[in-house]
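Chemist: pasting the structure only:
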């Protein structure tokens, strides 16, 4: 705050100096301008920091003589230094008034330049302090550092679809590293989308990286806030495969909570319960799936298989028909239906269903395989061989088709042809156990016991805990029993039962071995052990009573219209067809006609040769088994006309026949 008393004292000192005589000597004068008086403005800091106090004062600037009578130089300098304002608070547009102790060594201009330098230094110090603070703040905030901010915008969603497609292609070609790199980039750009997590988890599970797959699924659930049912369902399938049944149930439940219309979660959960033997629980889950998701081919198909297992064939036919109506191209539904008709010895219906399956999915390897085996078992060897070869032509890398064709050739041709086919099948899929097992069985029948043992050992080494390994051990035990190695046979039978304790054939074969050796008591003990440890799955027949009320919501209106009884499963098949609306343009696949014998012998209205020629462009007279190296199919890129130019000399050389020298 400016002190008025100090200003008045200064003015009085100046007035006294003016009244002194002019002839007194000059000493320590302050340079002044030519004018006798000047006006200067003083800015001082008030109590309000944002307000500058301005004081205008007009005082004459004259030469100062000796200040000794009033005060000494030391006193005056102390007084001025104590009350004068600092240079930061004194400003003037033209010049700055600076009151200081007189110094004879420096001129006024040099001192003014020094003061300006001090002001600049102080300003630079303040600026550097502010810059340092901003720099520390910018280290914590990435937005202030341009090099840490991505300048590129987020890619379009179409890039995600293309990247997922490329990753799936790499995974099919077993190029897992490239697939993982693409999927990680997708997760970085589209962390809120659940598809990259699902695909990456499946790629890791194929490589048996279970822990890493779990982490990816957990990360995906956190990124999507638990609202993506596909991630939960994929995670549940992973846990089910490794045997964590309780954890799998929890994850399936979480998937249904995330989206009750997610049919894969209901169906997967039901399949889990079926594998655990909980038939009633599985039925309830499938019913809830139909209630929440509507008609679905997979749920209808699974329910139909359950009905067929419970010997309720009319209900199973109705459900299979519903499944094929939901998806006429569903090959699995047609094949499941055909299998049930085969068990009921309805061969005419089975063949009709095979024809429907082929028309629905002409390149499906399972259709050609099952149909070919069926025709061979019915005595139509040529037709069965033809069907298997068609399937092999369409699927040259499938080992199962070659395995069945090799067994067919062994039974109706020579063993050498079968060996060639078995060797080719083992080259296509070296880890397919049934190929090695069937090959070993053929060598045993041919009397090559050492070769058979080697092939059996190869079969077990692939997977010692599989069902095929259990059957292989049982067959190996029979082989050792025939040659007299009884101790080895007993050991092999015991190993087979350790894998599959429900095998009736293995128990009875072991019991017969003991009876042949005169150990009737031991044989009886083995039979009693089988009956004690076997487990039978008993289906709950009461579930059928409320079938139309539980499963199909769309059938309720038809029930009311036709006034159906809820316990109406004892009605004839025609009534069920009327409910389903399938009487029109429908073949009775379960009826027995007089033409069944002719139809069972292979006589059908279906033109197989014309069908494969029209739909598949395959000539039935020129079907051969491919025994060469497998061909890897790849997408051919179209080249521009400039790249396919060849010289005339090269073209002429290629056009010369090979027999011309």
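Modeler: Perfect, thanks for sending it. Note that this is a predicted model, so its numbers are computed, not measured.
Chemist: Provide a list of residues in contact with the closest residue to residue 159 other than its chain neighbours.
Modeler: Excluding its sequence neighbours, the residue lying closest to residue 159 (CB to CB, 6 or more residues apart in numbering) is residue 189, at 8.0 Å. C-betas here are computed from N, CA, C, even on glycine. Under the criterion of CB atoms under 8 Å, 6 or more residues apart in numbering, the neighbours of residue 189 are 154-155, 159-160.
Chemist: same deal with residue 203?
Modeler: Residue 203 touches 167, 171, 176, 179-180, 183, counting by CB under 8 Å, 6+ apart.
Chemist: Go again with 7 Å.
Modeler: Counting by CB atoms under 7 Å, 6 or more residues apart in numbering, residue 203 makes contact with 171, 176, 179-180.
Chemist: Quickly find the element holding it.
Modeler: The secondary structure element spanning residue 203 is helix 195-206 (assigned by DSSP states H and E).
Chemist: For this protein, which segments count as strands?
Modeler: Secondary structure of the chain (DSSP state E): strands located at 37-45, 52-60.
Chemist: mean confidence score for the last one?
Modeler: Across strand 52-60, the average pLDDT comes to 46.
Chemist: which intervals of the stretch 401-550 of the chain have sub-threshold pLDDT?
Modeler: Residue ranges of the stretch 401-550 of the chain with pLDDT under 70: 535-550.
Chemist: can you pull out the helices in it?
Modeler: Per DSSP state H, counting those that start in this stretch, the stretch 401-550 of the chain carries helices over the ranges 415-428, 433-445, 449-462, 467-483, 486-499, 504-516, 520-533, 547-550.
Chemist: One more: the stretch 151-300 of the chain?
Modeler: Counting by DSSP H, counting those that start in this stretch, the helices of the stretch 151-300 of the chain are 157-172, 176-189, 195-206, 210-223, 229-242, 245-258, 263-275, 279-293, 297-309.
Chemist: For the fourth one, buried residues please.
Modeler: Within helix 210-223, the residues that count as buried by 16 or more other CB atoms under 10 Å are 212-214, 216-217, 219-221, 223.
Chemist: Go through stretch 290-309 and flag the buried ones.
Modeler: Buried, per 16+ other CB under 10 Å, within stretch 290-309: 290, 293, 295-308.
Chemist: likewise stretch 378-394?
Modeler: Residues 378, 380, 383-394 are the ones in stretch 378-394 that count as buried (16+ other CB under 10 Å).
Chemist: you'd agree residue 415 is up against residue 446?
Modeler: Yes. With contact defined as CB atoms under 7 Å, residue 415 reaches residue 446; the gap is 5.6 Å.
Chemist: pLDDT score for the residue nearest to residue 159?
Modeler: 92.
Chemist: just to revisit the earlier point, lowest-confidence one in the contacts of residue 189?
Modeler: On pLDDT alone, residue 154 ranks lowest of these, at 72.
Chemist: on that earlier part again, just the angle for the helix holding residue 203 relative to helix 157-172, thanks.
Modeler: 10 degrees (axes from the mean of the first three to the mean of the last three CA atoms, to 10 degrees).
Chemist: Now do helix 195-206 and helix 229-242, the angle between them.
Modeler: Going by the same axes, to 10 degrees, helix 195-206 makes 10 degrees with helix 229-242.
Chemist: Report the buried residues of stretch 174-190.
Modeler: Neighbour-count burial for stretch 174-190 flags 176, 179-180, 182-183, 186-187, 190 (criterion: 16+ other CB under 10 Å).
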